[in-house]
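>>> need a structure here:
(chains A and B)
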Amino acid sequence: DTAVSQTPKYLVTQMGNDKSIKCEQNLGHDTMYWYKQDSKKFLKIMFSYNNKELIINETVPNRFSPKSPDKAHLNLHINSLELGDSAVYFCASSQEVAGELFFGEGSRLTVL
Amino acid sequence: QKEVEQDPGPLSVPEGAIVSLNCTYSNSAFQYFMWYRQYSRKGPELLMYTYSSGNKEDGRFTAQVDKSSKYISLFIRDSQPSDSATYLCAVSQGAQKLVFGQGTRLTINP
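Predicted coordinates for the structure are as follows:
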């Protein structure tokens, strides 16, 4: 039974399109995150939600909009995709402050 | 200056060798120190977790934190081919925000 699941796993799209990635966790955690991992494996936090409330919003273009309908779900919508958005996007969750992060398997986005 | 610096490697060693992976960080306020392991095409998974300075051992893995030098290490004894992965250090001062190093790609050759 997958703890943190993301869909889709792979996404190939054209520049200018809009796309969404969905994430669900069944661990009962209060906090969920979106991380971006670039081609050099550098993993950087984008957003964090705690009980559906946005608590971390790093310097991310407005084209990226997270949405948390409930504490088990965190979706990421990206408008007007650019070449530089190509990366692997990881969803994660944690129960405690600075506690263990549980990651999904990643959604590999390729923008052509 | 990046908050966390980690040599990306790649690092290749023979099976059975002792592996040393290291990170340095710039902010003395960091209190939580972690090592994550990431297999190819998978998400990172927590390997070791330390709070403040000192050593922590778990089987073949030992994590060391030296806050005076702002230096953290992961040692792998009797390395196995299954240890081949990317190892990411991560630091935090709380507030649910982890800062990751770039990751070191490690290959253990049989």
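>>> for stretch B:81-91, buried residues please.
The neighbour-count criterion (16 or more other C-beta atoms under 10 Å in any protein chain shown) identifies B:83-91 as the buried residues of stretch B:81-91. All C-beta spots, glycine's among them, are computed from the backbone N, C-alpha and C.
>>> got the contact list for the nearest residue to A:Leu11 once chain neighbours are set aside?
Nearest in space to A:Leu11, with sequence neighbours left out and distances taken as C-beta to C-beta, 6 or more residues apart in numbering or on different chains, is A:Leu109 at 4.7 Å. Taking C-beta atoms under 8 Å, 6 or more residues apart in numbering or on different chains as the criterion, A:Leu109 is in contact with A:11, A:13, A:19, A:21, A:78, A:81, A:85-89.
>>> distance of A:Leu109 from A:Ala87?
Spatial separation of A:Leu109 from A:Ala87 under the definition C-beta to C-beta, to the nearest Å is 6 Å.
>>> same thing with B:Pro10?
20 Å.
>>> more neighbours, those two?
In this comparison of B:Pro10 against A:Ala87, neighbours counted by other C-beta atoms under 10 Å in any protein chain shown, the higher total goes to A:Ala87 at 20 against 10.
>>> quickly note the distance from that one to chain B.
For A:Ala87, the distance to chain B under the criterion C-beta to the nearest C-beta, to the nearest Å works out to 14 Å.
>>> any idea of the pLDDT on the closest residue to chain A within chain B?
When distances are taken as C-beta to the nearest C-beta, chain B reaches nearest to chain A at B:Gly43, 3.2 Å away. Looking at B:Gly43, its pLDDT stands at 95.
>>> likewise for the one 5 residues further on?
B:Met48 carries a pLDDT value of 93.
>>> so what's the closest residue to it other than its chain neighbours up against?
For B:Met48, the nearest residue in space outside its immediate sequence neighbours is B:Ala63; the separation is 4.0 Å by C-beta to C-beta, 6+ apart. The neighbourhood of B:Ala63, defined by C-beta under 8 Å, 6+ apart, consists of B:33, B:35, B:48-50, B:55-57, B:72-75.
>>> what's the most distant pair in those residues?
B:Tyr49 and B:Phe75 (15.5 Å; C-beta to C-beta).
>>> before we move on, the earlier item: secondary structure class of the residue nearest to A:Leu11, three-state.
With DSSP: H, G, I helix; E, B strand; the rest coil as the basis, the three-state label of A:Leu109 is strand.
>>> centre-most residue in chain A?
The central residue of chain A, meaning the one whose C-alpha is nearest the mean C-alpha position (C-alpha atoms, centre = their mean), is A:Trp34 at 3.2 Å.
>>> so that one touches A:Met46, yeah?
Yes. Applying C-beta atoms under 8 Å as the test, A:Trp34 and A:Met46 come out as touching, 4.4 Å apart.
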